[in-house]
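In: requesting a structural model of the entry that follows:
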Amino acid sequence: MRMNRSGKTGLWALFTLVFLAVGVGIGVLLTNIQKRQDEGMMSPSLVVEIPEGELDAAVWGQNFPREYGLFQKMEQDYGRTLFGGSTPFSKIEEKPFLKKAWAGYAFSIDYNEERGHYFALIDQKQTKRTTERSQPGACANCHAGEAPLLIEELGWETFNSMPYDSLRDMLHTGGTCNDCHDPRTLDLRISRPAFANAMEQRGVDLSTATRQEMRTYVCAQCHVEYYFAGENKLLTFPWEKGTSVDSIEAYYESYGFSDWTHAETGGGMLKMQHPEFEMFTTSTHFSSGVSCADCHLPYTREGGVKISDHWIRSPVTNINNACQTCHKIPEADLVDRIETIQRRTKEMIHITEAAISDAIDAIVAAREAGASDAALEEARRLHKSAQMRWDFVDAENSMGFHSPQEAARILAHAVDLARQAQMAALAIQTP
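Out: Below you'll find the predicted structure:
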């Protein structure tokens, strides 16, 4: 069958249109690629010179607008996750056991769910722990952007030992870009002396740290267990013997240190803070080279520019970037895995709290029956050891997810120690 002339003309016209469409498509693609490459080469664009010590994120934002735009989102309340989130609530009202566990300590009067870095100073200034109790300036080390500047101006010892109320009017800024970044290059850096001191004591040379290590170290400046050492209340990380809960306990015991005396049992106690770094370093993620920032500030793209997402929040709210980059499984399955770990950890925490509560009751009963301090010494020691382990997991802001097996191990020991404390108190022979 022959094609007539008009048919051939129509076919050629069709081929021409297809060729032109493909050509236009390739042209658009190449233009887009070039645009993205140009964007990448132009970032960061140094619009202004950022002075050393600049605390205003808006100034940094002129050079780093993408990061700044994301950073501003930390002012938003994205809601509650299963056991955390950005909506403040009273943990004491939610769990009355805390008043019993921390009887006589500042945390027993006020303990709330923490919010994002933007609120770090706002929430600290408003908590009853600083408005109704006297606290040292050391408390401001991690909550105020002004801390590095005031440390330089006043000196390390003076800054830490000053009453918090004397510093209060000098503190205006929560988390800042300056906390973690060099203003010229945006390179990660350490701005808090306590972390540098602790790492030097452990023999770690921070000047040789890789960028990936720094993506954890900048977080570890604050997300750790700490205490205020000596009369000058120097902010100190108890890592001399290691960063595990057992090593931290050994460190405190070697100095005979206690945070406070329990109002009901009369025993010295240890209050754990928020040991995210210590817990994370025992995990499979950490041993595989994953950093804190990989999950909490995961890489994202804006046009042709790859940046870290500076809306620092729970990875559960950002599964695609935080988890699915490595774990190629459905989001629902990942969320289910996370929440299964957290629910099981919470269940073990409840079991531990019941054991600690019984231990406290037994010690109080023995004390009221006339038992001497010498007779109560062993029960109090065991209670202190049990409660600091429970607190290590409960105060750590992942509900066990950062290191599930370590959290389970610690809580298992805590239950055992609490029951030993209870039996030791019950065994006391009183007149």
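In: ends of stretch 123-134, how far apart?
Out: Start-to-end span of stretch 123-134 (Cα to Cα, to the nearest Å) is 16 Å.
In: next one: that stretch to chain centre, how far?
Out: Its chain's average C-alpha position is 21 Å from that of stretch 123-134, according to Cα atoms, centre = their mean, to the nearest Å.
In: what does it contact?
Out: With contacts defined as Cβ atoms under 8 Å, 6 or more residues apart in numbering, stretch 123-134 is touched by 88, 106-107, 109-110, 112, 114-115, 135, 139-140, 143-144, 163-165, 168, 171. Using the backbone N, CA and C atoms, a C-beta is placed for each residue, glycine as well.
In: can you rerun that using 6 Å?
Out: 106, 109-110, 143, 164 (Cβ atoms under 6 Å, 6 or more residues apart in numbering).
In: need those in JSON lines with pLDDT, neighbour count and distance to residue 385, can you?
Out: Compiled in JSON lines, the contacts of stretch 123-134 are given as follows (pLDDT from 0 to 100; neighbours: other Cβ atoms under 10 Å; distance: Cβ to Cβ, whole Å):
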{"residue": "106", "pLDDT": "97", "neighbour count": "19", "distance to residue 385": "22"}
{"residue": "109", "pLDDT": "97", "neighbour count": "15", "distance to residue 385": "25"}
{"residue": "110", "pLDDT": "97", "neighbour count": "17", "distance to residue 385": "26"}
{"residue": "143", "pLDDT": "97", "neighbour count": "23", "distance to residue 385": "29"}
{"residue": "164", "pLDDT": "98", "neighbour count": "21", "distance to residue 385": "30"}
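In: tell me which two of those sit farthest apart.
Out: Of all pairs drawn from the contacts of stretch 123-134, the greatest distance, 18.3 Å, lies between 109 and 143 (Cβ to Cβ).
In: ok so, going back, now, which of the contacts of stretch 123-134 lie within helices?
Out: Among the contacts of stretch 123-134, the residues falling in helices (DSSP state H) are residue 164.
In: so which of the contacts of stretch 123-134 sit within strands?
Out: Judged by DSSP state E, the contacts of stretch 123-134 include no members of strands.
In: which of the contacts of stretch 123-134 sits closest to residue 409?
Out: Taking Cβ to Cβ as the measure, residue 409 lies nearest residue 106 of the contacts of stretch 123-134, at 29.2 Å.
In: would TSV of the contacts of stretch 123-134 with distance to residue 199 be doable?
Out: Output for the contacts of stretch 123-134, formatted as TSV (distance: Cβ to Cβ, whole Å):
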residue	distance to residue 199
106	29
109	34
110	32
143	21
164	26
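In: for the contacts of stretch 123-134, which one is nearest residue 254?
Out: Once Cβ to Cβ is applied, the member of the contacts of stretch 123-134 that ends up nearest residue 254 is residue 106, at 25.2 Å.
In: list the residues that contact that closest one.
Out: Contacts of residue 106 by Cβ under 6 Å, 6+ apart are 129, 133.
In: show me where the stretch 101-250 of the chain has its strands.
Out: Applying DSSP state E, counting those that start in this stretch to the stretch 101-250 of the chain gives strands spanning 227-229, 234-236.
In: nearest the geometric middle of the protein, what residue?
Out: For the chain, residue 223 is the residue whose C-alpha lies nearest the centre (Cα atoms, centre = their mean; 4.4 Å).
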